[in-house]
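> What follows is a predicted protein model with its sequence.
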Amino acid sequence: MIKSKILSILNDIEDFDEEVETLPNLITDGHLDSFATLLLISNLEKIFSVDLQFDEHLLPQLESVSQIELLIQTHLHKKVI
């Protein structure tokens, strides 16, 4: 469920030439520009009701679908505890 929502968010933000799930470096390889990255963060926060701290540690966690999924799972787990 988390992964499918992430894929939906990404595909709403950008038209990817490749399968977005297979891209290992969404930001550093230029698949997401700075505006698209901010949209991604905003949409993740809204859809999953999480607060993502924007700092130097966040961007590496947004590089791939699997990293984003782990980030969201971690934030959701923290909310439960």
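It's in. Numbering: from 1, shown residues only.
> Next, find the distance separating S8 from L58.
To L58, S8 is 21 Å away according to C-beta to C-beta, to the nearest Å. Glycine gets a C-beta too; all of them are placed from N, C-alpha and C.
> ignore the last one, G30
For G30, the distance to L58 equals 18 Å [C-beta to C-beta].
> the more surrounded of the two?
Taking neighbours as other C-beta atoms under 10 Å, G30 and L58 compare with L58 leading, 13 against 8.
> what sits against the closest residue to that one other than its chain neighbours?
Closest residue in space to L58, ignoring its immediate chain neighbours: L52 at 6.0 Å, by C-beta to C-beta, 6 or more residues apart in numbering. Neighbour list for L52: I41, L44, E45, L58, L71, H75 [criterion: C-beta atoms under 8 Å, 6 or more residues apart in numbering].
> Quick one: residues in contact with the helix-or-strand element of the chain with minimal mean pLDDT.
Lowest by mean pLDDT, DSSP states H and E among the helices and strands of the chain is helix 65-80, with a mean of 92. Identification of contacts with helix 65-80 by C-beta under 8 Å, 6+ apart yields 2-3, 6-7, 10, 20-21, 23, 40, 44, 48-52, 60-62.
> buried set for it?
V65, I68, L71, I72, H75 (16 or more other C-beta atoms under 10 Å).
> Next: stretch 55-66.
By neighbour count on 16+ other C-beta under 10 Å, the buried set for stretch 55-66 is L62, E63, S64, V65.
> Could you look up the SS state of the residue nearest to L58?
Put simply, L52 is coil when judged by DSSP: H, G, I helix; E, B strand; the rest coil.
> And it, how far from I72?
9 Å.
> And for S4?
Relative to I72, and taking C-beta to C-beta, S4 is found at 12 Å.
> Please apply the same query to G30.
Distance from G30 to I72, by C-beta to C-beta: 23 Å.
> what's near enough to touch S64?
If a contact means C-beta under 8 Å, 6+ apart, then S64 has L23, P24, N25, L26 as its contacts.
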